[in-house]
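Undergrad: this one's sequence-less:
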Ligand code: GAP
């Protein structure tokens, strides 16, 4: 983990947030390389959910949530972790994170009884801070998918089964954020709520578990480092009848990368008015504030029913950390660090390097090549006008750039460039006119 943290800072992937004022625990900023990798990961998820299928719609809903949404979703009552205080050093901990019930700070066993601590952040809406007009920062992105269920049904021609996908920020006031970006207070989720007919939910749950496992393998994660965990009944979230977690062997140990839950009709049922009109199978609290019924009509018998929901929910930061961990290697033979990222995730797709820094002819030629490749639109191409070719290759190996294109004096004579492959370090001379095809084939 230390090596990854150091690489992330040195090469502009991740910085401690608010660093110059001492930082805030559990918050991180994504630098020039980090933002590209993160965007690539999110885009790949989005494409696999929306563009490559015909049964899912997208959504981008607000982060600030009306208290009623999180009251009826069950979060006000149940979204808590067990908190204990150490009477000796006054620090606070999550009891389930402690070894042998000892304070990790001073090793004292003099702890208070655990009490529930709600993880939701609150903020005020409007100029008056009187407590009557507050909002929550959403602790999961999906509640707004449920509250928009009818809007999306009414504005599209969707029928069950279909899904609604969203990527966005979620906030949790974690008691002990830890393990770099693994457990943080502000993070992003990639969530799909897939609505199905009751009775077909188990089949769809199995389908999504397999689909999501394979997706992580496609992102370059070795399947030997992934494992499926059937979550114990006692550990299930309040809305779930069954959850399978995709576990990954992170540098600090095996932990959850993504959860796939069967949320039954809990959420649509909870946000629906006149619940008695429906045969809701889960235990929801009576809703007298909602103005809508989040149900659908059976085509044949015309009866209204409440769909069940299968939810694959993945953390962007945990995906980022897993992918970084998988691709990080020290190549002893060539004394270099390499991030062997899958090319579609690489922050920089190709670096174009004029052999001599600030040589006008070489730089102009390199700029032209850069601009032409950039137009293809597969991601960022970088012009690397810093001179030292060896250092440039090392730097781009470390940030995972799949190909480096060097423009030298021969280029000016015969229009050829050197193309170097990150993984094999092989170099070949290519005619500049063939570069576009080479690049497109490489990323195809
Ligand atoms: N809507 C369901 C839900 O939020 P969850 O298991 O609490 O379920 C889903 O969260 C995913 O979000 C997790 O698998 C994890 O990848 C990510 N996640 C949750 N809490 C996180 C935190 N504090 N820091 C980073 N990622 C987190």
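TA: Arrived safely. Fair warning: this is a prediction, and the values are worked out from it, not measured in the lab. Residues are numbered from 1 along each chain as shown.
Undergrad: which stretches of the stretch 251-400 of the chain form strands?
TA: For the stretch 251-400 of the chain, the strands defined by DSSP state E, counting those that start in this stretch cover 253-264, 296-297, 304-305, 308-315, 328-331, 336-339, 348-354, 380-383.
Undergrad: burial count for residue 288?
TA: 9 (other CB atoms under 10 Å). All C-beta spots, glycine's among them, are computed from the backbone N, C-alpha and C.
Undergrad: Among the strands of the stretch 251-400 of the chain, which comes closest to the ligand?
TA: strand 308-315 (2.4 Å; CB to the nearest ligand atom).
Undergrad: Helices of the stretch 51-200 of the chain, residue ranges please.
TA: All helices of the stretch 51-200 of the chain, identified by DSSP state H, counting those that start in this stretch, fall at 67-72, 75-78, 143-147, 149-155.
Undergrad: Could you list the buried residues of the shortest one?
TA: Taking 16 or more other CB atoms under 10 Å as the neighbour-count basis, helix 75-78 is seen to contain the buried residues 75, 76.
Undergrad: average pLDDT across it?
TA: For helix 75-78, mean pLDDT rounds to 92.
Undergrad: Same question for the third one.
TA: Along helix 143-147, the predicted confidence averages to a pLDDT of 98.
Undergrad: hey, which of the helices of the stretch 51-200 of the chain is tucked in deepest?
TA: Mean neighbours per residue, mean count of other CB atoms under 10 Å, is largest over the helices of the stretch 51-200 of the chain for helix 143-147, with a mean of 23.
Undergrad: and the residue in the stretch 1-150 of the chain positioned nearest to the ligand, how many neighbours?
TA: Residue nearest to the ligand within the stretch 1-150 of the chain: residue 140 (3.5 Å; CB to the nearest ligand atom). By the criterion of other CB under 10 Å, residue 140 has 20 neighbours.
Undergrad: what does the chain put close to the ligand?
TA: Contact residues (CB under 6 Å from any ligand atom) of the chain with the ligand: 140, 142, 172, 174, 183-184, 187, 189, 191, 256-259, 311, 313-315, 317-318.
Undergrad: mind checking how far the residue of the stretch 1-150 of the chain closest to the ligand is from residue 74?
TA: 11 Å (CB to CB, to the nearest Å).
Undergrad: Check residue 126 too.
TA: Counting by CB to CB, the gap from residue 126 to residue 74 is 27 Å.
Undergrad: who has more neighbours, the two?
TA: Neighbour totals were compared for residue 126 and residue 74, and residue 74 leads with 18 against 10 (other CB under 10 Å).
Undergrad: Per-residue pLDDT of the closest residue to that one other than its chain neighbours, please?
TA: Nearest non-adjacent residue to residue 74, counting by CB to CB, 6 or more residues apart in numbering: residue 238, 4.9 Å away. Among the per-residue scores, residue 238 holds a pLDDT of 92.
Undergrad: Am I right that residue 238 is in a helix?
TA: No: read with DSSP: H, G, I helix; E, B strand; the rest coil, residue 238 is coil and lies in no helix.
Undergrad: Would you agree it is in contact with residue 73?
TA: No: counting by CB atoms under 8 Å, residue 238 stays clear of residue 73, with 9.1 Å between them.
Undergrad: Which one of those two is surrounded by more residues?
TA: Remark: of residue 238 and residue 73, residue 73 carries more neighbours, 27 against 14, as counted by other CB under 10 Å.
Undergrad: got the contact list for the spatially closest residue to the more buried one that is not a sequence neighbour?
TA: Residue nearest to residue 73 in three dimensions, not counting chain neighbours: residue 143, with 5.3 Å by CB to CB, 6+ apart. Residues in contact with residue 143 (CB atoms under 8 Å, 6 or more residues apart in numbering) are 65, 69, 70, 73, 75, 267.
Undergrad: excluding its backbone neighbours, what's nearest residue 429?
TA: Counting by CB to CB, 6+ apart, the residue nearest residue 429 is residue 416, at 4.9 Å.
Undergrad: Contacts only, for residue 268.
TA: 146, 149, 294, 295, 306, 307, 309.
Undergrad: and residue 309, how many neighbours?
TA: For residue 309, using other CB under 10 Å, the count is 27.
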